[in-house]
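> missing the sequence, but the structure's below:
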């Protein structure tokens, strides 16, 4: 009986020991798990990103990704600043070029030696190389200009293939306006000037040539002469005159989701980032109707779009070594894992910025067209991300709203743009 009790006691102690050991191992495993807070501003691909995170976590059980997506009608920059101010700093967040890199330089980890940096397409790191260091990795390549509904243009007898100058574009717009009732249009344009980021981007076509289509020259330019002001005025005047609603108050959702996707306008100023939104509303629109018309700025007959990396993934240098390593692992995985690479092209409809992808992988027709413009040298870079801090939205965007509402003249707008740039850069 004593022997049985002794054996039972030993078994019980062993079980307790095993349980304690198991709990200890569990706690150890939990403590070794890295949690990466990611701040994402691409609302149009939020669902795709969540799905990608799920796949990553399945193959990386030692890393948790907490994704926060802020954007659309929300000021993402202000939201990011609020996160840092509250002490709730993300480990991974996004930069929009050299102005942002300068503003956040104190918290950017040097990514120069990462494997993904070596795979970046030539020129795509220019907007995120600060103080001799690569501080951001391209999310993708995006392009924009006048996005058009080709079906409506063809119905009006003005196929976009016939547009080879600004005069052609203006004539096509006037034809569309004369037939808008029979075409079921509320206006020719759905320019969302109520969103100052849209007009900030719009300006890049007209400021880039002054700075030799260079991000670095734009960033270091101490003086703005506004050499292509006349071309910018021609384009914005056309949009103001034929916009479906007052340009200065139209928002993104009305422009893209209601008017453009609903065949109520024929032209908007956006880029290939709207493709997932269009696909969610009508899976045939982007494949069959969507096209792009360039802007004629430097030449009467050679049009260009804006194309290049718009956003860069960066890593917070204030985080622990474990979090930094996990952050880099996540970013690298998105663009090197075969399943993730397929998702980047097929689900996100991204134009990849890395050499391990093939241009043949791009399936979205608009993205293919943007890639051709870029490859043929018919694109200018995203120079608006290298303006003085806040200049694109707070100055250009606001001044165009004022001009569209007839509260100021073009001469007053031009003077404000020149004076503000020169003052900001003299500081």
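Received, thanks. Just so you know, these numbers come straight off a predicted model, no measurement behind them.

> from now on I want contacts and neighbour counts done on CA atoms only, so please keep to that.
Noted.

> can you map out the helices along the stretch 251-400 of the chain?
All helices of the stretch 251-400 of the chain, identified by DSSP state H, counting those that start in this stretch, fall at 252-253, 275-281, 285-288, 321-336, 338-346, 365-375, 398-404.

> next, the contact list for the spatially most central residue of the chain, please.
Centroid-nearest residue in the chain, with CA atoms, centre = their mean: residue 310, separated by 4.7 Å. By CA atoms under 8 Å, 6 or more residues apart in numbering, the contact list for residue 310 reads 96, 97, 138, 139, 140, 141, 142, 382.

> pick the most buried one from the helices of the stretch 251-400 of the chain.
helix 398-404 (a mean of 22; mean count of other CA atoms under 10 Å).

> which parts of the chain belong to which domain?
Domain assignment for the chain, taken from automatic domain parsing, gives 35-141+309-356, 142-307+378-426.

> how far does the shortest one stretch from one end to the other?
As for domain 35-141+309-356, its first-to-last residue distance stands at 28 Å under the measure CA to CA, to the nearest Å.

> surely residue 271 touches residue 141?
No - contact between residue 271 and residue 141 fails when scored by CA atoms under 8 Å: they sit 10.5 Å apart.

> before we move on, back to that, quick one: which of the helices of the stretch 251-400 of the chain is nearest residue 156?
Residue 156 lies closest to helix 285-288 among these, at 16.7 Å (CA to CA).

> I'd like to know which elements the closest one is packed against.
helix 275-281, helix 365-375 (3 or more CA pairs under 8 Å, 6 or more residues apart in numbering; DSSP states H and E).

> before we move on, the earlier item: can you report phi and psi for the residue nearest to the centre of the chain?
phi -100, psi -40 (degrees, to the nearest 10).

> adding mean pLDDT and distance to residue 34, write the helices and strands packed on helix 285-288 out as a markdown table.
Shown next, in a markdown table, are those (pLDDT from 0 to 100; distance: least, CA to CA, whole Å):
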| stretch | mean pLDDT | distance to residue 34 |
| --- | --- | --- |
| helix 275-281 | 92 | 31 |
| helix 365-375 | 92 | 36 |
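
> and of those helices, who's closest to residue 114?
The nearest among the helices and strands packed on helix 285-288, by CA to CA, is helix 365-375 at 25.5 Å.

> now the angle from the closest one to helix 338-346?
90 degrees (axes from the mean of the first three to the mean of the last three CA atoms, to 10 degrees).

> can you list contacts of helix 365-375?
The contact list for helix 365-375, computed with CA under 8 Å, 6+ apart, reads 142-144, 272, 286-287, 290-292, 304-305, 307-308, 349-351, 359, 362, 379.

> same check on stretch 196-207?
145, 192-193, 226-229, 231-232, 269-270, 295, 297, 304-306, 380-384, 391-394, 396-398, 400.

> which residues are in contact with residue 269?
144, 145, 146, 147, 190, 191, 192, 198, 202.

> nearest to residue 76 among those?
Set against residue 76, the nearest of these by CA to CA is residue 198 (14.3 Å).

> hmm, back to that, of all the helices and strands packed on helix 285-288, which lies closest to residue 210?
Nearest of the helices and strands packed on helix 285-288 (CA to CA): helix 365-375, 19.1 Å.

> roughly how far is that closest one from the heart of the chain?
Centroid separation for helix 365-375 versus its chain: 16 Å, with CA atoms, centre = their mean, to the nearest Å.

> try stretch 186-196
19 Å.

> I'd like the average pLDDT over that stretch.
Averaging pLDDT along stretch 186-196 yields 97.

> ends of that stretch, how far apart?
One end of stretch 186-196 to the other measures 22 Å (CA to CA).

> can you list the buried residues in that stretch?
Neighbour-count burial for stretch 186-196 flags 186, 187, 188, 189, 190, 191, 192, 193, 194, 195, 196 (criterion: 16 or more other CA atoms under 10 Å).
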